[in-house]
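# Please work out how this folds:
(chains A and B)
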Amino acid sequence: RKEVEQDPGPFNVPEGATVAFNCTYSNSASQSFFWYRQDCRKEPKLLMSVYSSGNEDGRFTAQLNRASQYISLLIRDSKLSDSATYLCVVNPISGGYNKLIFGAGTRLAVHP
Amino acid sequence: DVKVTQSSRYLVKRTGEKVFLECVQDMDHENMFWYRQDPGLGLRLIYFSYDVKMKEKGDIPEGYSVSREKKERFSLILESASTNQTSMYLCASSFRYRVAYLRVVVNTGELFFGEGSRLTVL
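Below is the predicted model of the structure:
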């Protein structure tokens, strides 16, 4: 079983739609969680961290469910510019050196 | 803005050749990383370094070595390139700070990536 699993998609949605991605992780002791965004042929960039209480940044909402070991990303009112691959990232240790584990990514395609 | 620069965007090498991939960051970050990214597998950590001359193996170090002689520079070396090392290679850096009164080191979760080096081994 992969340490971090994501549905690869693609998710094809019209502009204005709401779309949600889930990501599951296998290490119950994992400490911190992130969503990164990667545009086609570009490097990944941090989109948002995921906090235990859930957090929102504009149209994006991230949630963590420790009991079920998954995190989610909700995008409301999708824009064409949201088309990208979204990477779920888990840091399995606390305070130690970063050894982030990346999921393979979920591809989102927003069409007019 | 943080800038992570990788020396070559595209390389084509032959099996058995020695390959050097260079990475430089300009933000005085302590941590530096080398990943490879393959379709369906995501990013996999090859090596990372948390200080000058320090290195730690990641999940897939076989066939690779690294060098960190200066804080801003982290090099990935393929001693004898093989076709299964054809991939996109991504260098990244991140910031680490010490909370003195708690005596802990905190690693931020944000990695800053270079644009990548696409290596093809024939």
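
# and the worst-scoring helix or strand of chain A on mean pLDDT with chain B, contact?
For chain A, the helix or strand with the lowest mean confidence is strand A:101-102, at a mean of 90 (criterion: mean pLDDT, DSSP states H and E). Yes: Strand A:101-102 is in contact with chain B by CB under 8 Å from any CB of the partner chain, via A:Phe102. (Each C-beta comes from the backbone N, C-alpha and C, glycine too.)

# Against chain B, how distant is A:Ser32?
Noted for A:Ser32: a distance of 5 Å to chain B, by CB to the nearest CB, to the nearest Å.

# ok, back up a step: report all helices and strands that the least confident helix or strand of chain A contacts.
Using 3 or more CB pairs under 8 Å, 6 or more residues apart in numbering or on different chains; DSSP states H and E as the contact test, the elements touching strand A:101-102 are strand A:84-91, strand B:42-49.

# Which positions in stretch B:60-69 come out as buried?
B:64, B:66-68 (16 or more other CB atoms under 10 Å in any protein chain shown).

# average pLDDT for that stretch?
Averaged across stretch B:60-69, the pLDDT comes to 96.

# Low-confidence regions, chain B specifically.
Within chain B, the stretches with pLDDT under 70 are B:1-2, B:98-99, B:102-107.

# Okay, now the sheet partners of the least confident helix or strand of chain A, with direction.
The strands beside strand A:101-102 in its sheet (DSSP bridges) come out as strand A:84-91 (antiparallel).

# Show residues contacting the partner strand.
The contact list for strand A:84-91 (CB atoms under 8 Å, 6 or more residues apart in numbering or on different chains) reads A:3-4, A:6, A:21, A:23, A:25, A:27, A:30-40, A:44, A:47, A:71, A:73, A:98-108, B:42-43, B:107, B:109.

# how about the residues of chain B near chain A?
B:31, B:33, B:35, B:40-45, B:48, B:50, B:56, B:58, B:90, B:94, B:96, B:104-107, B:109-111, B:113-116.

# before we move on, back to that, out of the contacts of strand A:84-91, which are buried?
So, by 16+ other CB under 10 Å, the buried ones in those are A:4, A:6, A:21, A:23, A:25, A:30, A:32-38, A:44, A:47, A:71, A:73, A:98-108, B:42-43, B:107, B:109.

# those strands in the chain, which residues are they?
Unless you meant another one, I'm taking chain A. A:4-6, A:11-14, A:19-25, A:32-38, A:44-50, A:55-57, A:60-65, A:70-75, A:84-91, A:101-102, A:106-111 (DSSP state E).

# my question was about chain B
Listed in chain order, the strands of chain B (DSSP E) span B:4-6, B:10-13, B:19-25, B:31-38, B:42-49, B:56-57, B:65-70, B:73-78, B:87-94, B:96-99, B:104-107, B:112-113, B:117-121.

# So for stretch A:103-112, first residue to last residue, what's the gap.
Terminal residues of stretch A:103-112 are spaced 28 Å apart (CA to CA, to the nearest Å).

# before we move on, the earlier item: so which of the helices and strands packed on strand A:101-102 is the most packed in?
Among the helices and strands packed on strand A:101-102, strand A:84-91 has the highest mean neighbour count (mean count of other CB atoms under 10 Å in any protein chain shown), at a mean of 24.

# coming back round to it: save the helices and strands packed on strand A:101-102 as JSON lines, and put in distance to B:Arg73 too.
Below are the helices and strands packed on strand A:101-102 laid out as JSON lines (distance: least, CB to CB, whole Å):
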{"stretch": "strand A:84-91", "distance to B:Arg73": "25"}
{"stretch": "strand B:42-49", "distance to B:Arg73": "10"}
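
# Looking at these, which is nearest to B:Ser8?
Comparing the helices and strands packed on strand A:101-102 against B:Ser8 with CB to CB, the closest turns out to be strand B:42-49 (16.5 Å).

# All set, thanks.
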